[in-house]
Structures are given as C-alpha cells and as structure tokens.
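Participant: quick one: sequence and predicted model below, then my questions.
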Amino acid sequence: MILRAGSHRARLKHHGRRIVVREKYQRPEVKDLGTKWKMVYWDYSSKPRRKRSKVWGKQTAPSKRDAQRLADQFMEKVNARNNEPGLYITDDETLASLFAKCREKTWPHLKNSTRQHYEFFADKYLLPAWGTMKLRKMSVIELQDFFNSFHPRLSPKSIRLMHACMRVHLNQAKVWEMIGKNPAIGGEAASEEATKAYDPAASSDSRQADRTPSRAHQNSRRTDRVRITPHR
C-alpha cells in the first residue's frame, strides 16, 4: 500500500459518492538465507512505523512453499493489527498500561481483599518504580534486585505479597500475548530464613502493608480467639 509521506492513516479513495478506506495489506516474499527463510515487513502499529523481520528454520519449513505458507499465516495477524491497532497489543505497552487493563477487565472478578492488596502494592511500590517500564524490557535479575532492596525495611510476608502481585499481573500479560515470558517467575521473594533477625513491628511500611485485610488472616485471628477462651 502507498501512503503519503509522514502519514500513518489509510488513504481515502472516492468511488462515486462512496468513500472507501484502502486497507494496509502486505504479502512479503520469503528469502532463502541458506539455513533459514527470512521475511521483512512494515509494522504500522508502532510510532513511528518500523521495519521488522521474521525467520523460520529449514527444519520447520523445508521448502519455500512451506515457508511462504507460514509467512502468509503470520501476516494475517500483522495486517489486521496494522488496520486496527487499537484492538491489538503493541510493543510499547508498559506496566502501568497493563495494570490499567487489569483494573478494568480482571479486578472486578476478584475478592475485595485481593483487590485491596493489589491496589496497595501497585500504587505504593510497583507503579512508582516500574510504571513507565516497557513490559518486554523487564528482566528477571532487575526484578530480583528490586524485591531484595526491601529487606529489611519490609517483613517477609509483605515482600512475598508484593512479589505475588507483580507475578500475577505479568502472568496475565503473558496470557494476553503482551510478553512471551513472565520475568517475575524466575526470581524469588525474601524468605523467612533470610529475614529471621528482622522485627516487622519496627517498620511502619511493614505494618501498613500487613494491615491490608486477607481472609486467611481473618480466619486465623478467629481461630486464635477461640483458642484463648478461658476454661470454666
């Protein structure tokens, strides 16, 4: 398709009284690179547009016909995304945009206590530090350093809950095909052994994080009240 210079909008073509929008359509031909097949195409969903490539090994596609069939299947989604970018995920998605989508689509189905946990950790810790970070650039080691930095300011329980909040939302991003791998799965939250010398009562941040209600905590408190009832 031919576009005007500096314009990313589809050109309008007049057919009598009707105005028809010419869609962006590409069918690039695969090229033989010896051990693999390569295809180059334009991605109009990014700003500015980018030239991207896709390769297939010859074990996957032995002949050019097989490679071209895979390329055509791949380009179906690319062409659809180029024409309706608002319906598809782009590489520019950030953690803040992910949490915004989850607030709208998944949080309404959660328990109140779970939503309160997610909202607290997202607004106080995760989004201020990672909100502008692109999802595809988040790494396991950076997340590990981030959670390690809270020791011993926060209790092990608070760090584990914060880590779980990040892990669940990044896992949802993987389900939505926003990322290929969840970078929060490779790391670990602080263990009780690593922080056993720390007194959580001495940290205001820890007390505030632990104040967020949870059903398991409420049930345990009810059990404790039953246990300490004096005998007659």
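Facilitator: Received, thanks.

Participant: can you give me the helices in this structure?
Facilitator: 64-83, 95-105, 112-121, 127-130, 140-148, 156-175, 204-210, 215-227 (DSSP state H).

Participant: would you turn those helices into JSON lines with distance to Tyr25 and mean neighbour count?
Facilitator: Every C-beta, even on glycine, is put in place using the N, C-alpha and C of the backbone. Shown next, in JSON lines, are those (distance: least, CB to CB, whole Å; neighbours: other CB atoms under 10 Å):
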{"stretch": "helix 64-83", "distance to Tyr25": "6", "mean neighbour count": "16"}
{"stretch": "helix 95-105", "distance to Tyr25": "28", "mean neighbour count": "17"}
{"stretch": "helix 112-121", "distance to Tyr25": "41", "mean neighbour count": "17"}
{"stretch": "helix 127-130", "distance to Tyr25": "37", "mean neighbour count": "14"}
{"stretch": "helix 140-148", "distance to Tyr25": "39", "mean neighbour count": "15"}
{"stretch": "helix 156-175", "distance to Tyr25": "29", "mean neighbour count": "20"}
{"stretch": "helix 204-210", "distance to Tyr25": "52", "mean neighbour count": "16"}
{"stretch": "helix 215-227", "distance to Tyr25": "52", "mean neighbour count": "10"}
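
Participant: can you tell me which of those comes nearest to Pro48?
Facilitator: helix 64-83 (13.5 Å; CB to CB).

Participant: so for the closest one, mean pLDDT?
Facilitator: If you average the pLDDT over helix 64-83, you get 88.

Participant: give me the contacts around it.
Facilitator: With contact meaning CB atoms under 8 Å, 6 or more residues apart in numbering, helix 64-83 is reached by 10, 23-30, 32, 37, 39, 41-45, 54, 56, 60-61, 87-88.

Participant: from these, which ones fall inside strands?
Facilitator: Judged by DSSP state E, strands contain the following of those: 32, 37, 39, 41-43, 54, 56.

Participant: circling back: same list, the helices of the chain, but as JSON lines with distance to Asn182 please.
Facilitator: Below are the helices of the chain laid out as JSON lines (distance: least, CB to CB, whole Å):
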{"stretch": "helix 64-83", "distance to Asn182": "22"}
{"stretch": "helix 95-105", "distance to Asn182": "12"}
{"stretch": "helix 112-121", "distance to Asn182": "16"}
{"stretch": "helix 127-130", "distance to Asn182": "14"}
{"stretch": "helix 140-148", "distance to Asn182": "9"}
{"stretch": "helix 156-175", "distance to Asn182": "5"}
{"stretch": "helix 204-210", "distance to Asn182": "23"}
{"stretch": "helix 215-227", "distance to Asn182": "24"}
